[in-house]
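> quick one, what's the 3D model for this:
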Amino acid sequence: MSTVQPIGENLYVLDDGRVRQFLMTGDRQALLIDTGFEDSRVLDAVRSVTNLPIQVVLTHGDRDHAGGLRDFGSCRLHRGDWHLIPEGIGLEPLEEGEVLTCGGYRLEVVEIPGHTLGSIALVEREKRLLFPGDSVQRAGPIYMFGSHRNLDLYIASQKKLCAWADKVDTVLPCHHDCPIDPSYIEKDLEDALALKAGALPSEPHPFLPCRTYHGKWTDFYYQP
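So this is what the prediction gives:
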């Protein structure tokens with residue numbers, strides 16, 4: 001089961017060592033960001049904190065974020081990733097500018113396609129927090145190969161997130177180091193631009209159908 005650690009008032013991080021989720025608890029409802037792998041037992045971790053009804057919000061539809069959905073039954077997710085979700089899961093759309101509230105948190109939805117076509121970030125302006133899913137990381141690798149990813153869109157989305165960099169103090173990624181500072185938005189953009197320009201060294205991945213590209217700040221799994 002994922003470990004549970006409080007990281008703020010009414011805010012918890014759930015981590016199985018591969019991917020992390022974030023849980024907020026309010027008076028009448030809890031809000032869960034992502035559901036982990038099928039075997040992460042995220043529902044058990046959530047129930048160790050609260051018995052409240054749970055609203056599930058996905059940063060994107062990859063299996064390591066959506067794998068636990070069958071334990072919850074439904075989620076909110078950008079339409080761009082609905083095709084990644086198995087049948088039988090109730091889906092409700094998320095759109096740019098929507099605000100989700102729970103436990104004193106106000107999470108503004110920011111559309112950031114690229115890592116997946118339906119990737120979103122969540123920004124808490126007052127508490128100066130950014131939940132970027134997989135789109136901002138330190139060291140990586142960030143997955144950028146496959147038909148549901150787009151490097152040009154990723155670059156455009158990182159430029160969009162740069163406008164938020166001075167509005168947040170803490171970035172809470174789903175993989176690798178956490179927390180990180182918002183300078184990694186621009187650092188990841190710098191490396192993505194170098195990747196687009198063909199300026200990063202690389203080697204074939206030993207088993208995935210891609211190459212590993214080594215940026216100054218972050219690696220990418222990518223196949224041109």
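
> centroid residue for this protein?
In the chain, the C-alpha nearest the mean C-alpha coordinate belongs to Gly133, at 1.1 Å (C-alpha atoms, centre = their mean).

> give me the secondary structure label for that one.
Here Gly133 is recorded as coil under DSSP: H, G, I helix; E, B strand; the rest coil.

> against Pro206, how distant is it?
26 Å (C-beta to C-beta, to the nearest Å). Using the backbone N, CA and C atoms, a C-beta is placed for each residue, glycine as well.

> if we can go back for a sec, what's the distance between the residue nearest to the centre of the chain and Asp44?
Gly133 is 23 Å from Asp44, where distance means C-beta to C-beta.

> what is the burial count for His176?
The number of residues packed near His176 is 15, by other C-beta atoms under 10 Å.

> OK, contacts around it?
His176 makes contacts with 137-140, as judged by C-beta atoms under 8 Å, 6 or more residues apart in numbering.

> report the secondary structure element holding it.
Using DSSP states H and E, His176 maps to neither a helix nor a strand.

> pLDDT value on it, please?
Looking at His176, its pLDDT is 96.

> then Asp62?
For Asp62, the pLDDT comes out at 98.

> buried residues, stretch 28-38. List them.
Residues of stretch 28-38 classed as buried: 30-37 (neighbour count, 16 or more other C-beta atoms under 10 Å).

> what's in contact with stretch 143-160?
62, 81, 83-84, 110-117, 119, 134-136, 185-186, 188-189, 192-193, 195-196, 208-210, 220-223.

> helix, strand, or coil at Lys159?
Secondary structure assignment for Lys159 (three-state DSSP): helix.

> typo on my end, it should be Leu193
Classification of Leu193 using three-state DSSP returns helix.

> which residue packs closest to it, ignoring adjacent ones?
Nearest residue to Leu193 in three dimensions, chain neighbours excluded: Ile155, at 6.3 Å (C-beta to C-beta, 6 or more residues apart in numbering).

> neighbours of that neighbour, how many?
By the criterion of other C-beta under 10 Å, Ile155 has 17 neighbours.

> no more questions from me, cheers.
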